[in-house]
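K.L.:
Can you look at this prediction? I've put the sequence above it.
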Amino acid sequence: MTLTHDDVRVEDAVTTAQTMTMAAALNRALADALAEDPSVVVFGEDVGALGGVFRVTDGLTARFGEDRCFDTPLAEAGIVGTAVGMAMNGMRPVVEMQFDAFAYPAFEQIVSHVAKFGNRTRGAIRMPMVIRIPFGGGIGGVEHHCDSSEAYYAHTPGLTVVAPSTPQDAYSLLRAAIASTDPVVFLEPKKLYWAKGEVDTGLRTSLDTAQVVRDGTDVTLLAYGAAVPLALEAADAAAEEGRSVQVVDVRSLSPFDDATVTAAVRSTGRAVVIAEAPGYVSVASEIQARVSERCFEYLEAPVRKVTGFDVPFAPPKLEHWYLPDVDRVLDAIDSLHWDEEA
C-alpha cells in the first residue's frame with residue numbers, strides 16, 4: 001500500500017489488512033475505539049439491537065453492552081444535546097443521524113453549541129464528539145433520505161467536516177475523528193456503504209488533508225465522497241480519448257487542504273470539481289473559487305464544476321438524471337480549452 005504524506009502506520013500495530021465493505025470498516029473503527037477507550041459511547045436511533053439502518057453499528061451492543069452502544073428516542077436535537085453534555089464531562093460520544101435530512105432538527109444544537117463551545121470558553125471546554133451522517137444519493141431513496149447537506153456544516157466555523165470515499169479512509173478517518181478533541185461531522189456516502197476495499201487497521205490519517213488518488217497531466221478532477229469513484233471512472237473513459245486525468249480526493253471539506261489541491265491543479269492547468277449536491281452556494285462552488293484564486297496564472301481554462309441540479313432531490317426513478325455521471329464529467333473536460341481546438 002502506498003502511503004501519502006499524511007498517512008502513517010501505528011508503530012506497534014500488527015498489520016491486519018483485509019478486504020471489507022465501507023460499512024464493515026466503519027463498524028470496525030467504532031469497535032476498536034470502544035475497546036481502546038472507555039470514554040467512547042455510541043448512540044442514536046436504532047443503533048443498538050438493530051445495528052443501524054445500514055448495519056454500521058451491528059453487534060456493538062452485544063459486545064460492549066447497552067451502556068456503550070444504545071438506542072435513543074426519535075429526537076435528533078435531544079441526541080446531539082445529550083452528546084454535548086457528555087463531551088463537556090469528559091466522554092467521547094459518537095452519534096448517528098439516521099439519514100442526512102433527519103439531522104436538520106439537531107441543526108441548532110450543532111451550530112449554536114457543538115461548533116461554538118471551544119471558542120465560547122476560550123478552549124476551556126472542548127467538544128470531542130463525532131456526528132455521523134449518511135449522506136448523498138445513489139440508493140433510490142425518497143425525500144429526506146438522499147440530501148447532500150455538507151455545505152451547511154462546512155460553512156460553520158468550529159466544525160471539522162470529512163467525507164471518506166474508500167473503506168480504508170472510512171476506517172482511518174473515523175478513528176482520527178473519534179480521537180480528535182474538536183467536533184467532527186463525519187459524512188458517510190450511502191452509495192458506497194457496500195463498496196469493498198482493503199483496510200489496514202494499523203493505518204492512520206489526519207483530518208485535514210486531500211489525497212491524490214490518480215496521477216495525470218492534462219486535467220485535475222476534484223471530488224469527495226461518492227463522487228470520487230465517479231471521477232476515477234471518468235478518468236478511465238477520458239484516457240480512452242487520449243486525456244491524462246489526475247484525480248484528487250478532497251476528503252476534508254473543512255479545514256480544506258489548499259496546498260495539495262493547488263499543487264495538483266497547477267501541475268495540469270485545468271480542473272473540474274465534481275459533487276452530488278446542488279451547485280449554487282455549495283462546497284463545489286467554494287472549491288471552484290479557491291482554485292481559481294490560487295491557480296489563476298496557471299490555468300489554461302476556467303475551472304468547471306459538475307454537480308446535482310438546483311432543485312430538491314429527485315424521486316427514485318429520476319435519480320439517475322439528477323446525479324452527476326461520466327458523460328457530464330467528460331462534457332466538462334471537453335469544454336476546457338485544448339491546444340488542438342485553437
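P.N.:
Noted; the coordinates are in hand.
K.L.:
May I ask you to name the longest strand in this protein?
P.N.:
strand 271-278 (DSSP state E).
K.L.:
and the following helix or strand past that one, what's its mean pLDDT?
P.N.:
The helix or strand immediately downstream of strand 271-278 is helix 283-294, counting by DSSP states H and E. Mean pLDDT, helix 283-294: 98.
K.L.:
now stretch 173-189
P.N.:
Stretch 173-189 carries an average pLDDT of 98.
K.L.:
same deal with stretch 47-66?
P.N.:
Stretch 47-66 shows a mean pLDDT of 97.
K.L.:
from the chain's centre, how far out does the longest strand of the chain sit?
P.N.:
Here strand 271-278 is found 14 Å from its chain centre; the criterion is C-alpha atoms, centre = their mean, to the nearest Å.
K.L.:
who does it pair up with?
P.N.:
As defined by DSSP bridges, the strand partners of strand 271-278 come to strand 219-223 (parallel), strand 304-308 (parallel).
K.L.:
Just name whatever secondary elements the helix or strand containing E233 is in contact with.
P.N.:
Following DSSP H and E, one finds E233 within helix 227-240. When contacts are defined as 3 or more C-beta pairs under 8 Å, 6 or more residues apart in numbering; DSSP states H and E, helix 227-240 packs onto strand 211-214, strand 219-223, strand 245-249, strand 271-278, helix 326-334. All C-beta spots, glycine's among them, are computed from the backbone N, C-alpha and C.
K.L.:
List the contacts of K196.
P.N.:
19-21, 167 (C-beta atoms under 8 Å, 6 or more residues apart in numbering).
K.L.:
Ignore what I typed, I meant P324.
P.N.:
227, 230, 274-276, 306-308.
K.L.:
cool, I110 as well?
P.N.:
By C-beta under 8 Å, 6+ apart, the neighbours of I110 are 80, 103, 131, 153, 156, 159, 185.
K.L.:
Among these, which are located in strands?
P.N.:
Reading strands off these with DSSP E, I get 131, 185.
K.L.:
ok, the contacts of I110 vs D334, which is closest?
P.N.:
Using C-beta to C-beta, Y153 is the member of these that lies nearest D334, at 33.1 Å.
K.L.:
does F102 really touch H144, like I thought?
P.N.:
Yes - F102 is within contact range of H144, at 6.7 Å (criterion: C-beta atoms under 8 Å).
K.L.:
neighbour count winner among those two?
P.N.:
Neighbour count, other C-beta atoms under 10 Å: between F102 and H144, F102 has more, with 19 against 12.
K.L.:
wait, what's in contact with the more buried one?
P.N.:
Applying C-beta under 8 Å, 6+ apart, we find F102 in contact with 45, 76, 144.
K.L.:
From these, which land in helices?
P.N.:
E76 (DSSP state H).
K.L.:
closest to R328 among the contacts of F102?
P.N.:
H144 (25.3 Å).
K.L.:
show me the contacts for that closest one.
P.N.:
Contact analysis of H144 by C-beta under 8 Å, 6+ apart lists 99, 101-102.
K.L.:
Kindly report the same for G137.
P.N.:
Residues near G137 by C-beta under 8 Å, 6+ apart: 146, 148, 190-191, 226, 276, 308, 313, 319, 322-323.
K.L.:
make it 7 Å
P.N.:
For G137, the contacting residues are 146, 191, 276, 313, 319, 323, by C-beta atoms under 7 Å, 6 or more residues apart in numbering.
K.L.:
Near the last one, how many other residues are there?
P.N.:
Going back to what we said before, that points to L323. By the criterion of other C-beta under 10 Å, L323 has 23 neighbours.
K.L.:
just checking, it touches F309?
P.N.:
No - counting by C-beta atoms under 7 Å, L323 does not reach F309; the two are 9.5 Å apart.
K.L.:
can you give me the strands for the stretch 1-150 of the chain?
P.N.:
Taking DSSP state E, counting those that start in this stretch to define them, one finds strands in the stretch 1-150 of the chain at 8-9, 18-21, 40-44, 69-71, 92-96, 130-135.
K.L.:
Point out the most buried one among the ones you listed.
P.N.:
Mean neighbour count (mean count of other C-beta atoms under 10 Å) peaks for strand 130-135 among these, with a mean of 28.
K.L.:
Each with direction, which strands does that one pair with?
P.N.:
Strand 130-135 pairs in its sheet with strand 92-96 (parallel), strand 184-189 (parallel), by DSSP bridges.
K.L.:
what comes up buried for the following helix or strand past the longest one?
P.N.:
The one in question is strand 184-189. Following strand 184-189 in sequence order, the next helix or strand is strand 196-199 (DSSP H and E). By 16 or more other C-beta atoms under 10 Å, the buried positions in strand 196-199 come out as 197, 199.
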